[in-house]
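Novice: Prediction below, plus the sequence it came from.
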Number of protein chains: 2
Amino acid sequence: MSLGYRFDPHEGSLVPTNTSVRLASRPTGTPDGQTWSTTTEPTAAVEDGQILVRVEQVSLDPAMRGWLDDRPSYVPPVGIGDVMRAGAVGTVEESRNRRFPTGTPVMGTFGVQQFAISNGSGVEKVDTALGTPSMYLGVLGITGLTAYYGLFKHGRPRAGETVLVSAAAGAVGSVVGQLARINGCRVVGIAGGPEKCAYLVESLGFDDAIDYRSGSVRKAIASSCPDGVDVYFDNVGGEILDAALANLAPGARVVICGAISQYNEAGRGGGPANYMSLLVRRASMEGFLYFDNAADFPVARRRLANWVSSGAMTAPETLVSGTVADFPDVFLRLFSGDNLGKLILDITERT
Amino acid sequence: MSLGYRFDPHEGSLVPTNTSVRLASRPTGTPDGQTWSTTTEPTAAVEDGQILVRVEQVSLDPAMRGWLDDRPSYVPPVGIGDVMRAGAVGTVEESRNRRFPTGTPVMGTFGVQQFAISNGSGVEKVDTALGTPSMYLGVLGITGLTAYYGLFKHGRPRAGETVLVSAAAGAVGSVVGQLARINGCRVVGIAGGPEKCAYLVESLGFDDAIDYRSGSVRKAIASSCPDGVDVYFDNVGGEILDAALANLAPGARVVICGAISQYNEAGRGGGPANYMSLLVRRASMEGFLYFDNAADFPVARRRLANWVSSGAMTAPETLVSGTVADFPDVFLRLFSGDNLGKLILDITERT
């Protein structure tokens, strides 16, 4: 799987070969050995206006599971045989596009592969003055922007209110909780296991943490949030969403960001049985997609970067070193719950 | 069950006897013969500040089913042995309260009984210039105010948008649909059976109607609302809510008013499995209670009355003549789906 160069007599130059992970078949439930295939072939020639990007770090996001299903959503599904869609950062290796000279650090939807050809559409330069490239996949990327807009625009927390967040030790949740703390809120996180709960309180400054593997989450929320939950930021769906709905304060806002507990369910989950709490508590439940706020990204990124550089918040990430062929295994760690913060496959060393 | 007067030697006057329907035991599922008891006893003496109200028309509302369950809600449950809570209109029969002289038509939560004693708290005079007393249980009462605030404040429809309403031939739904039409929206109603559907289009001016007993509601909504549903006003919950969620337009607002399909379910229903449409469609789902808008009621009532008197809308009602002892049977008609508009038990004739 090491990166090789092949002499191309037509081009008269060394052409890098590209290994990519492709969708072989649509999974029912959890992706397995049937889901993916790996191909290695020469990169295409770089045409006028295009760039060749050497991919260095690949983002792993729960939303990727949704892209494998053939159903209407906010983006089309990944096609069978196509390179798996993924956000990534890398470096421009060859350029025929003036906006992105050779050597430029860039981010974009480059896919799970070693090299990507792009016409520059949707590609952004990484401003290394604000943060490291991996931060552009995490706190300064989709993860951080999702947390920022979901919490501030849709959760609308006021200082003094109680904010509850699920998957709180995960990529989005860990940012949401810290932003709520910065916003003067009381912050309670839900995570799996005592280590993660200790991490939330001791390292990220949460006021309290609930281990969903230990007893009734509904009772734990009631005990930890005696005045009710003003903002619930949901990354998980399922029973935890129901437990939160049972504990809403009057006028509560429920922000639907994800439903990771349901993504690998073969059938449809049952939905939140306690949704009538919305009526009793005059509450709202709202979905959103970060990219509707693109015009505002520079402001949000600057604020997030400032909070990180000032030490007001940290940007936890789990970097796994490997090759693109490790993607199928690393992807499953999103659902097994054994990563802290942003999960990234780092292929820099091995390419 | 006829109303009698009994000579009270202590009071030295004729004291009316009062028959009331009381909660005998909490039902599991649909209320039955065990649920209710009927008592007949002399009315209590009217004390200083109190009024004695002769109840004439009793409101029947799906929300009453929720009041029978012993669980936290926006009002306490009806206690075992207590007179069943109900909105009603009547006439002041005896008064020791200057705000409500004898003969005043009044509305209030008088309960399912022939006579109610009240200190005037929560009691309102019926302004017969605006409408008939029964309209104060329907279009000018909780029903109409629920439709008005739910649609305008929480649904926020704009002219040209598509508004979908379930239980559209019911008390609240029939008002919601007509208000949406007045607001310049395209209005689609969901109801049970071809007669009700014809009624919605021909008598209430809906643009289209969907018979939920005939085929896939999801497909029917897709066909009737090709640009998606901008506002869904939900009175029923269950599968119809799920079908509506599957057809939301971007930025849609789902208003949760009730869940009549679930109220008599012994277990908890499954909740809306398609709630993740809120994310894909950047939509919101919001609950509300009309009484949070009490300060604005005079304005809303005046508008509703004007629309009725100008013929812009009609206020359908089903009046059932009977005695309070008929309440248990009439109550079940709410759930069997065989009433049009507001369901009212009229006990004027028989008392």
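Specialist: Cool, got the structure. Numbering: from 1, shown residues only, chains lettered A, B, ... in the order given.
Novice: Could you use CA atoms for every contact and neighbour count after this?
Specialist: OK.
Novice: Okay, buried residues for stretch A:252-270 please.
Specialist: Neighbour-count burial for stretch A:252-270 flags A:252-264, A:269-270 (criterion: 16 or more other Cα atoms under 10 Å in any protein chain shown).
Novice: From those, which one has the minimum pLDDT?
Specialist: The pLDDT minimum for the buried residues of stretch A:252-270 sits at residue A:269, where the score is 64.
Novice: and residue A:107, how many neighbours does it have?
Specialist: Here the count is done by other Cα atoms under 10 Å in any protein chain shown, and residue A:107 has 27 residues near it.
Novice: Need the pLDDT of it.
Specialist: On pLDDT, residue A:107 comes in at 96.
Novice: Just the element for it, please.
Specialist: If you go by DSSP states H and E, residue A:107 is part of strand A:105-108.
Novice: helices or strands up against that strand?
Specialist: Here strand A:105-108 is seen to pack against strand A:88-95, strand A:124-125 when contacts are counted using 3 or more Cα pairs under 8 Å, 6 or more residues apart in numbering or on different chains; DSSP states H and E.
Novice: Work out the sheet partners of the first one and label each with its direction, please.
Specialist: Spelled out, that is strand A:88-95. When sheet partners are counted by DSSP bridges, strand A:88-95 sits next to strand A:51-60 (antiparallel), strand A:105-108 (antiparallel).
Novice: same question, the shortest one
Specialist: Each strand that strand A:124-125 pairs with, and the sense of that pairing, follows from DSSP bridges: strand A:105-108 (antiparallel).
Novice: Show me the helices in chain A, by range?
Specialist: In chain A, helices defined by DSSP state H lie at A:63-66, A:142-149, A:171-182, A:194-202, A:217-224, A:238-245, A:277-280, A:297-309, A:327-336, listed in chain order.
Novice: looking at it, residue A:75 is touching residue A:67, isn't it?
Specialist: Yes - in this structure, residue A:75 is within contact of residue A:67 by Cα atoms under 8 Å, at 7.5 Å.
Novice: More neighbours: those two, which one.
Specialist: Between residue A:75 and residue A:67, counted using other Cα under 10 Å, residue A:67 has the larger neighbour count: 20 against 10.
Novice: Please name the nearest non-neighbouring residue to the more buried one.
Specialist: Ranked by Cα to Cα, 6 or more residues apart in numbering or on different chains and with sequence neighbours excluded, the top spatial neighbour of residue A:67 is residue A:77, at 4.6 Å.
Novice: Quickly note the distance from residue A:223 to chain B.
Specialist: Distance check for residue A:223 against chain B: by Cα to the nearest Cα, to the nearest Å, it reads 17 Å.
Novice: I'd like to know how far that residue sits from residue A:340.
Specialist: In this view, residue A:223 and residue A:340 are 26 Å apart by Cα to Cα, to the nearest Å.
Novice: for residue A:185, same thing?
Specialist: From residue A:185 over to residue A:340 the distance is 23 Å, taken as Cα to Cα.
Novice: Neighbour count: these two, which is higher?
Specialist: Neighbour tally, residue A:185 and residue A:340, criterion other Cα under 10 Å: the higher count belongs to residue A:185, 23 against 19.
Novice: Let me know whether the more buried one touches residue A:156 as I believe.
Specialist: No - counting by Cα under 8 Å, residue A:185 stays clear of residue A:156, with 11.1 Å between them.
Novice: Flag the shaky bits of the stretch 151-300 of chain A, pLDDT-wise.
Specialist: Judged by pLDDT under 70, the stretch 151-300 of chain A has its weakly predicted residues at A:266-269.
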